[in-house]
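Novice: Sequence and predicted structure below; questions after.
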Amino acid sequence: MPARLIVYPPEAAAISRWIPAGSRLRIGRDPVCELRIDHPSISRQHAELIHDDEGWRLLDLGSKNGSHVDGIQVVQALLERSEGWLRFGDVLCEFSLHDDAEARAWQERERERRALSAAWTRRLEGGGADAPAPAEEVAAAGAGLADDILRGVVELAGCSRGFVLLAQGEDFLVQASLSLEREDLNARAFSGSVGAVQRCLRERQPVVVNWIDDDPWLAQRSSVVTGGLQSLVCLPLLHAGRVLGAVYADRRGAGEAISQFDLELLAAFADSAALWLLAQRAFDALEPASAPLRWARVVGAQATSS
């Protein structure tokens, strides 16, 4: 029976791995491991998952910080439950058993997500006839391209709301928003993570958090606690070293983890979005709203509440 392991590294996209029946999977920081987890609490050769006639077993390989099954440290253990939690060092993992049909269904889901990403990319290119219809109306503050970028990221990330920032001079304008009113973004009670957007823009790297309660830099922010956020993603829009803006999305309810596979699709989509912002002269030609909402005002409103 094949197994699925979902790894939740702190402050990173989840790693989802299918393990065929009759195989073994070494886990550690060493590049030779079949599953490499780059985290300081993980040993170079940390543990191994093995499937044999007895079923699935976990074997610790003499790791420094130990291996745990459902909270109990083990040297080796038979994984008899269909679902359970493993922990290697400080990295939490979800282990589950599936039949062949379920494994094929998940593989089909990945193919469908690739097709969805391609459809949204074609939408940016102007062939929007085959792009998905929006789940709900977008509250736009600018041109349709920004709307499509936002809708694509929200759907691909499995989120429910978000906004797009585009650079203008020394500031950023909120160019499109979904399920967020302008008053919400400008209020001190904004329940999105301003810190995640600031970090994304500063480091020019995607920010992904699947378990906000486990991330100290976010869990203590009053804007996050007030909003009851569960997961978020923020993607920079970059071209030739120039920061064009960022796309933020989050959700408050439970949902599928944002995995490395999802992040690859999202990053590729963001790259296409940045190119089309420039190629269609949308970046410089977008007409701001009559009273544009500047990012400096959003950050200023949150400064004392976060």
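Specialist: In hand now; what should we look at?
Novice: C-alpha from now on. contacts and neighbour counts both.
Specialist: OK.
Novice: count of neighbours near Ala267?
Specialist: By the measure other Cα atoms under 10 Å, the count of residues near Ala267 is 17.
Novice: Once you drop chain neighbours, what's closest to it?
Specialist: Computed as Cα to Cα, 6 or more residues apart in numbering, the closest residue to Ala267 that is not its neighbour in sequence is Leu235, at 7.1 Å.
Novice: isn't that neighbour right up against Ala268?
Specialist: No - taking contacts as Cα atoms under 8 Å, Leu235 lies outside contact range of Ala268: 10.4 Å.
Novice: Those two: who's more crowded?
Specialist: A direct count of neighbours by other Cα under 10 Å for Leu235 and Ala268 places Leu235 higher, at 27 against 15.
Novice: what helix or strand does that one sit in?
Specialist: Following DSSP states H and E, one finds Leu235 within strand 231-239.
Novice: just checking, what packs against whichever helix or strand comes after that strand?
Specialist: Per DSSP H and E, the first helix or strand lying C-terminal to strand 231-239 is strand 242-251. Secondary-structure packing of strand 242-251 (3 or more Cα pairs under 8 Å, 6 or more residues apart in numbering; DSSP states H and E): helix 144-157, strand 161-168, helix 194-203, strand 231-239.
Novice: With mean pLDDT and distance to Val74 added, can I get these in a markdown table?
Specialist: Listed next are the helices and strands packed on strand 242-251 as a markdown table, based on pLDDT from 0 to 100; distance: least, Cα to Cα, whole Å:
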| stretch | mean pLDDT | distance to Val74 |
| --- | --- | --- |
| helix 144-157 | 91 | 35 |
| strand 161-168 | 88 | 41 |
| helix 194-203 | 88 | 36 |
| strand 231-239 | 91 | 30 |
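Novice: of these, which approaches Ala12 most closely?
Specialist: Closest approach to Ala12 among the helices and strands packed on strand 242-251 (Cα to Cα): strand 231-239, 9.9 Å.
Novice: ok, and what's touching that closest one?
Specialist: With contact meaning Cα atoms under 8 Å, 6 or more residues apart in numbering, strand 231-239 is reached by 157, 159, 196-197, 200-201, 204-212, 243-252, 266-267, 270-271, 273-275.
Novice: Distance from the chain centre to that strand, please.
Specialist: Its chain's C-alpha centre and that of strand 231-239 lie 9 Å apart, by Cα atoms, centre = their mean, to the nearest Å.
Novice: partners of that strand, with directions?
Specialist: Within its sheet, strand 231-239 is paired with strand 207-209 (antiparallel), strand 242-251 (antiparallel), according to DSSP bridges.
Novice: Looking at the following helix or strand past the last one now, give me its mean pLDDT.
Specialist: From strand 242-251 onward toward the C-terminus, using DSSP H and E, the following helix or strand is helix 260-279. Helix 260-279 comes out with an average pLDDT of 88.
Novice: Any chance of the strands paired with strand 231-239 in a markdown table with mean pLDDT as columns?
Specialist: Below are the strands paired with strand 231-239 laid out as a markdown table (pLDDT from 0 to 100):
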| stretch | mean pLDDT |
| --- | --- |
| strand 207-209 | 89 |
| strand 242-251 | 91 |
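Novice: out of these, nearest to Ser67?
Specialist: strand 207-209 (23.1 Å).
Novice: Quick one: residues in contact with that closest one.
Specialist: Strand 207-209 is contacted by residues 10-13, 196, 199-200, 215, 231-235, 258 when judged by Cα under 8 Å, 6+ apart.
Novice: picking up where we left off before, where's the residue nearest to Ala267 relative to Gln76, distance?
Specialist: Distance of Leu235 to Gln76, given as Cα to Cα, to the nearest Å: 40 Å.
Novice: ditto for Arg24
Specialist: From Arg24 over to Gln76 (counting by Cα to Cα), the distance is 14 Å.
Novice: now Phe88
Specialist: According to Cα to Cα, Phe88 and Gln76 sit 13 Å apart.
Novice: Neighbour count for those two, which is higher?
Specialist: Phe88 (26 against 17).
Novice: Quick check: the more buried one vs Ser179, distance?
Specialist: 38 Å.
Novice: hang on, Leu293 packs against Leu173?
Specialist: Yes - counting by Cα under 8 Å, Leu293 sits close enough to Leu173 to count as a contact (5.8 Å).
Novice: beta partners of Asp52?
Specialist: Legend: beta-bridge partners of Asp52 under DSSP bridges are Gly55.
Novice: Could I get the pLDDT score of it?
Specialist: For Asp52, pLDDT reads 91.
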